[in-house]
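Novice: can't give you the sequence, but here's the structure:
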């Protein structure tokens, strides 16, 4: 793989997409490839609140969680370039989305909901699917969220491939965007 263009380190790269797509795991590897810090918005929200995401949802509901998430993402975006993995619903919040569009390159990591459902079903740490059929929940979320995710700067389709392939696909899309911006 050719070394990444240094201009890719000029702005935060915010990863958006449905739960289970790999925003955190792929994001860590992308940050390493770009020699940028990696931050996970969900982890940062938990740290700021002193509670887990399920506990935040239970205590404050989704609206309270999204408000805290927006404040945390705003703070992170002011810290300088990084790879930022966002929660699946973060980009749905109009204020949070506006912050990301203004201060980052937004990348929608997209995968078939069937793949995501298999991944999500392996863990019981996602409040939106707890006690429900993951495929059904993800199909409903996709119907609502995909049109909004499609407004991201880039869309990168991921399959059931190794994370290194996902990172390569993201880097290729980012390099393509740079080339388009540099064209006369």
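Specialist: Received, thanks. From a predicted model like this one, the values you see are computed outputs, not experimental measurements.
Novice: contacting residues around the lengthiest strand in the chain?
Specialist: In the chain, with assignment by DSSP state E, the single longest strand is strand 104-110. Residues from elsewhere that reach strand 104-110, judged by CB atoms under 8 Å, 6 or more residues apart in numbering: 11-17, 21-23, 26, 77, 84, 91, 100, 146, 149-150, 152-158, 166, 170, 173-174, 177. Yep, even glycine has a C-beta here, placed from its N, CA and C like the rest.
Novice: Out of those residues, which sit inside strands?
Specialist: Reading strands off the contacts of strand 104-110 with DSSP E, I get 12-16, 84, 154-157.
Novice: Please pick the buried ones from these.
Specialist: Taking 16 or more other CB atoms under 10 Å as the criterion, what is buried in the ones in strands among the contacts of strand 104-110 is 12-16, 84, 155-156.
Novice: now the residues you listed in a markdown table, with distance to residue 39 and pLDDT?
Specialist: Listed next are those as a markdown table, based on distance: CB to CB, whole Å; pLDDT from 0 to 100:
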| residue | distance to residue 39 | pLDDT |
| --- | --- | --- |
| 12 | 9 | 97 |
| 13 | 11 | 98 |
| 14 | 10 | 98 |
| 15 | 11 | 98 |
| 16 | 14 | 98 |
| 84 | 5 | 98 |
| 155 | 22 | 97 |
| 156 | 19 | 97 |
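Novice: rewinding a little: could the ones in strands among the contacts of strand 104-110 go into TSV alongside distance to residue 58?
Specialist: Putting those into TSV (distance: CB to CB, whole Å) gives the following:
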residue	distance to residue 58
12	30
13	32
14	27
15	26
16	25
84	25
154	35
155	33
156	33
157	35
